[in-house]
Structure formats: structure tokens, C-alpha cells
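>>> what would the 3D arrangement of this be:
(one chain, ligands or ions: 1)
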Amino acid sequence: MSKPTSGDFTKTAGWLDWFDGPSKPRFQLPPGSVDAHCHVFGPGAEFPYAPERKYTPCDASKQQLFALRDHLGFSRNVVVQATCHGADNRAMADACRSSGGKARGVATVKRSVTDQELQDLHASGVRGVRFNFVKRLVDFTPKDELMEIAGRIKALGWHVVIYFEAVDLPELWDFFTALPTTVVVDHMGRPDVSKPIDGPEFQLFLKFMREHENVWSKVSCPERLSVTGPKALNGEQAAYRDVVPFARTVVETFPDRVLWGTDWPHPNLKDHMPDDGLLVDFIPHIAPTAELQKKLLVDNPMRLYWPEEV
Ligand SMILES: O=C(O)c1cc(C(=O)O)oc(=O)c1
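Down below sits the predicted model:
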């Protein structure tokens, strides 16, 4: 892979570029594995970043994403619209269309989106919309607007991806549980892993999944959630140990409703940029059996994103 650039844009101060030259994972991914959460950024010169963005990243192109996919041993990608592109889905949709059927997408749309635009996104490979409640990433969108969008995309057979922080789940509960589609939670709803796993915050998340069978979770982003590490760098085979009990609990309790993704190119990390090969080596710590690994990496994402092939 070639080194990151940022086109004509100036990166946010302190921006960490994605890790160039990741190691080969030791963990052998099951055949047909899907990286079910990753992004493309620009390139800014071709697909400009949105005026309303909260950060300006380094570029991370579809070619670089596909090279990483092949290097790590994944077969497919789910490309999730990054907030730095707002509701301009061109870069994500272009990546899906260029993938030869190996990528599906999750878009961000506004209430003003037309039925034709939704149809075009579907033809590109989009199968979901993302609703973001993380305040440092997006401005607030009224819930009635989101509910209206959810009703429209349900008709296309799409699902809703939600991104929020654990402390906000109580306030968002009624809205989330009223959504009419499959609902996929990004990064386990960002638990504070320095709090006890049997404390009220994480138990509420488990209750959310237990009581609502349409709710799925990505058990991704240990590099974002970890407080004590160690970091996935320098060959570390037991990275982010403080995240393991949380993610493993979700995988073992809801084996048919979990997804995993690299989160490449890892927007907004402040401490370090992980070696993506070592992130793959994190998987067997949270999905310890071959059966759990196949569900997490193959069966579940295929059922959600390529149902026609299952
Ligand atoms: O925590 C984040 O900063 C983050 C941002 C984005 C995005 O900007 O879309 O996506 C993610 O999955 C995570």
C-alpha cells in the first residue's frame, strides 16, 4: 500500500494516519470472511469532504481498502459512510460499485433523499443507513426525521446502523426499540471498559439485545475502547485485554447477531494507530471456537448483506 495523503485538504491537527505495512495475521480467517465495518475517505481531490464535517482525515481510497482486504485475508467488505462525508455517499457508493460485488455499503441520508436516489444507492450495493448520535461527530437530527427515513428504507429491505455512547442508551432506548428494521449497533455501543462488566451500563446494553431480537452488535474497535491496552503494535498477540470480556460476552450470548470489522482507516484515534494484522489476531480472543468465528465473520454478515447468496 502507498502512504496516505490528504488531497487538497488540511488534516485535523494531531490526525493519526492509518498504519502503513500491516503484518500478516497469524489467525487464519475462515474462508469467505467479511470485514463488516470499514470506511473510505475521499480521496479528497476526487470526493471532497463535506462542509459540515467535524474532522478532516487523511485520504483512504478504495484501492487501499481492497489491498488491505486481500492482505489480511478477507473476502468482502461492508463500507460504512464516514461522517466526514456527511450525506454525500459518492465515495462509499463508488467503492461498492468498483468492488466487483465484494463490497456492500451503509449510507447516510437526509429526509430530502428521493426514492430514485435510494434506488440508485441500492443498485450500488447499499443495504443500510447509519444514524449517528455521537455528539463530537455529527449535529443533531430530529428523531421524527430519522424514524421517517427508517420507514422508507425498510421497504427496500435495508437495516439501520446506530452509533452512540453507552451513557446515552437510556435516553435513546425508546427511539431505538421503536425502529422497524434490523438494528446494528456500532462498536458495542461504546462501553466504558474501565467500569465493571456486571455494572448497570453494560448490563443495560445486554438487556437491549436480549429483549430485542432485531438488535445486532458489531464487536469491533477494541483499539478505541481499550483503556489499559496493550496496543496492537510490535507483534502483540494479546492486545486490548480489558475489552476482551465485554466483546466475548456479546459474541457468546448472541452468536447469531454479531459482526466484526477492522474499522480501517480508524478515524479520530488519538493515542496510537493499530497494526490491522494484529487487530485480526484479536478475533480468536473474543470468538474462541471455530463455530463462533464462522458465525461472526461469515454466516452473520452474509445473511445481512448478501442474503441472496445464503
Ligand atoms: O469514533 C469515531 O470517531 C468514529 C467515527 C466514524 C465516522 O466518522 O464515521 O466512524 C466510526 O466508526 C467511528
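
>>> just the helices in the stretch 201-310 of the chain please.
Applying DSSP state H, counting those that start in this stretch to the stretch 201-310 of the chain gives helices spanning 222-225, 244-253, 276-280, 283-286, 290-294, 300-305.

>>> which outside residues touch stretch 51-64?
1-2, 4-7, 9-12, 15, 17-18, 39-44, 49, 82-86, 91, 94-95, 98-99, 136-139, 264-265, 267-268 (Cβ atoms under 8 Å, 6 or more residues apart in numbering). For glycine as for every other residue, the C-beta is placed from the backbone atoms N, C-alpha and C.

>>> please, which helix or strand holds residue 198?
For residue 198, there is no host helix or strand (DSSP states H and E).

>>> what is the burial count for it?
9 (other Cβ atoms under 10 Å).

>>> what mean pLDDT does the host helix or strand of residue 71 get?
Assigned by DSSP H and E, residue 71 belongs to helix 62-72. Average pLDDT, helix 62-72: 98.

>>> kindly report the residues of the protein close to the ligand.
82, 83, 84, 137, 186, 224, 263, 267, 268 (Cβ under 6 Å from any ligand atom).

>>> so what's the fourth one closest to, chain neighbours aside?
Right, the one you point to is residue 137. residue 83 (4.5 Å; Cβ to Cβ, 6 or more residues apart in numbering).

>>> what does the helix or strand that the helix holding residue 71 is followed by rub up against?
The C-terminal neighbour of helix 62-72 among helices and strands, as given by DSSP H and E, is strand 76-80. Residues outside strand 76-80 that contact it (Cβ under 8 Å, 6+ apart): 32-40, 65-66, 69, 92, 95-96, 99, 102-106, 130, 161, 186, 259, 261, 301, 305-306.

>>> where does pLDDT dip in the chain?
The chain contains residues with pLDDT under 70 at 1-7.

>>> tell me where the stretch 51-200 of the chain has strands.
Ranges of strands in the stretch 51-200 of the chain, per DSSP state E, counting those that start in this stretch, are 76-80, 103-107, 126-132, 159-163, 183-185.

>>> how far is the first one from where the chain is centred?
Yep, that's strand 76-80 we're talking about. 8 Å (Cα atoms, centre = their mean, to the nearest Å).

>>> any idea how far the helix holding residue 71 is from the middle of the chain?
The answer for helix 62-72 is 16 Å, by Cα atoms, centre = their mean.

>>> of all the residues in it, which ones are buried?
Judged by neighbour count (16 or more other Cβ atoms under 10 Å), helix 62-72 contains these buried residues: 62, 64, 65, 66, 68, 69, 71, 72.

>>> show the contacting residues for the closest residue to the fifth one other than its chain neighbours.
The spatially closest residue to residue 68, leaving aside those adjacent along the chain, is residue 264, at 5.9 Å (Cβ to Cβ, 6+ apart). Residue 264 sits next to 18, 35, 38, 39, 60, 65, 68, 276 when contact means Cβ under 8 Å, 6+ apart.

>>> mind redoing it with 7 Å?
18, 38, 65, 68, 276 (Cβ atoms under 7 Å, 6 or more residues apart in numbering).

>>> repeat that for residue 23.
275, 277, 278.

>>> roughly how far does the first one sit from the ligand?
By that I understand residue 275. Separation of residue 275 from the ligand (Cβ to the nearest ligand atom, to the nearest Å): 18 Å.

>>> residue 196: which of the helices of the stretch 201-310 of the chain is closest?
For these, proximity to residue 196 was assessed by Cβ to Cβ; helix 244-253 is nearest, at 9.9 Å.

>>> which residues are contacting the closest one?
By Cβ under 7 Å, 6+ apart, helix 244-253 touches 188, 191, 193, 197, 202, 206, 217, 219, 222, 258, 285-287, 292, 296.

>>> sweet, I'm off.
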